[in-house]
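Colleague: Take a look and give me a structure for this.
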Amino acid sequence: PQLRAWYDASPGFDFDNLEEFVPKCNAAELANLTEDPDVIARDKMIPGPDGAPDVKIRIYEPKDRGDRLLPCLFFYHGGGFLFGTVYRQEKLCQGYVKNVDCIVVSVEYRLAPQWKAPAPLMDCYAALTWVHDHGAEIGVDSSRLAVSGLSAGGNLAAAISLYARDKKGPKICLQMPLYGELDYTLDTFSAHEITDNKLWCRYNCEKSWEHYLPAGMLPNEYVSPALAKDLSDLPP
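Modeller: All right, here's what the predicted structure looks like:
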């Protein structure tokens, strides 16, 4: 009951009017940024995948890091592949830095519908390989790399773990997909039960996958990680 007024006032998601909804979300993210006295945050552009634009990353580090090399958590924001920036989960990233004593690298991957799968995954892999190869430049111990994300970002955390394993890329020591958007088939009980568009409902799921998947594409495990059959040699 205590949440009812907040819930009723929530506008929910508007994936039928992305040209208005996305800029509004981006503006709100910037307006809600708050500095943390214990965390330093900075943006940096790094090379993107071959033939693709550069990728923006946001680096969070403890203010008292000194010259220590710290483990790195790659963070992929939520937003159904349709909205969100590296500023979307700013407080969460700051919290990881303070509670884990790590560096967080948040990745601003390309978004649908302008960019279809697998563009976001390729951006995240470009960031993974760049940090692995240049970790010392930003204070990262390249032997301790982990991945996490929310929703669409949870998809990317699981997908990057599969992709890096199969491509024999940088070793990932931990994956932490949080309520990941993993299964494009939408045939689970909850995918049918939840229909209120104030929440992440079935309609929003359908619109998200519709915009993310190229026309005629039959998704593989790098796009819809729930399809993966071989789960061996993955990070815990």
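Colleague: Can you pull out the residues in contact with the lengthiest strand in the chain?
Modeller: Ranked by number of residues, the top strand in the chain under DSSP state E is strand 140-150. Residues outside strand 140-150 that contact it (Cβ atoms under 8 Å, 6 or more residues apart in numbering): 69-78, 89, 102-103, 105, 128, 131-133, 135-136, 154-157, 160-161, 170-180, 235. Heads up, the C-betas are built off the backbone N, CA and C, glycines and all.
Colleague: buried ones in the next helix or strand after that strand?
Modeller: Scanning forward in sequence from strand 140-150 by DSSP states H and E, the next helix or strand is helix 152-166. Across helix 152-166, burial judged by 16 or more other Cβ atoms under 10 Å covers 152-165.
Colleague: and what of stretch 17-28?
Modeller: Using 16+ other Cβ under 10 Å as the test for burial, stretch 17-28 gives 18, 21-22, 25.
Colleague: picking that back up, list only buried entries from the contacts of strand 140-150.
Modeller: Buried by 16+ other Cβ under 10 Å: 69-78, 89, 102-103, 105, 128, 131-132, 135, 154-157, 160-161, 170, 172, 175-177, 180, 235, out of the contacts of strand 140-150.
Colleague: Keep only those of the residues you listed that are in helices.
Modeller: Residues of the buried ones among the contacts of strand 140-150 located in helices (DSSP state H): 128, 131-132, 154-157, 160-161.
Colleague: so which of these comes closest to residue 190?
Modeller: Comparing those against residue 190 with Cβ to Cβ places residue 154 closest, at 15.0 Å.
Colleague: these two touch, right, the closest one and residue 161?
Modeller: No. Judged on Cβ atoms under 8 Å, residue 154 makes no contact with residue 161 at a distance of 11.1 Å.
Colleague: Reformat the buried residues of helix 152-166 as a markdown table; add distance to residue 40.
Modeller: Listed next are those as a markdown table, based on distance: Cβ to Cβ, whole Å:
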| residue | distance to residue 40 |
| --- | --- |
| 152 | 27 |
| 153 | 22 |
| 154 | 26 |
| 155 | 29 |
| 156 | 25 |
| 157 | 24 |
| 158 | 29 |
| 159 | 29 |
| 160 | 25 |
| 161 | 28 |
| 162 | 32 |
| 163 | 30 |
| 164 | 28 |
| 165 | 32 |
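Colleague: Can you tell me which of these comes closest to residue 3?
Modeller: Checking the buried residues of helix 152-166 one by one against residue 3 (Cβ to Cβ), the nearest turns out to be residue 154, at 23.5 Å.
Colleague: Tell me the confidence at residue 31?
Modeller: Per-residue pLDDT puts residue 31 at 89.
Colleague: How about residue 48?
Modeller: 97.
Colleague: any idea how far stretch 6-17 is from the chain center?
Modeller: Centroid displacement of stretch 6-17 relative to its chain, using Cα atoms, centre = their mean, to the nearest Å, is 21 Å.
Colleague: Would you mind measuring from the most centrally placed residue in the chain to residue 123?
Modeller: The chain has residue 76 as the residue nearest its centroid, 1.8 Å off, counting by Cα atoms, centre = their mean. Residue 76 sits 9 Å away from residue 123, taking Cβ to Cβ, to the nearest Å as the criterion.
Colleague: Just give me the residues shared between the contact sets of those two.
Modeller: Residues touching both residue 76 and residue 123 (Cβ under 8 Å, 6+ apart): 107, 109.
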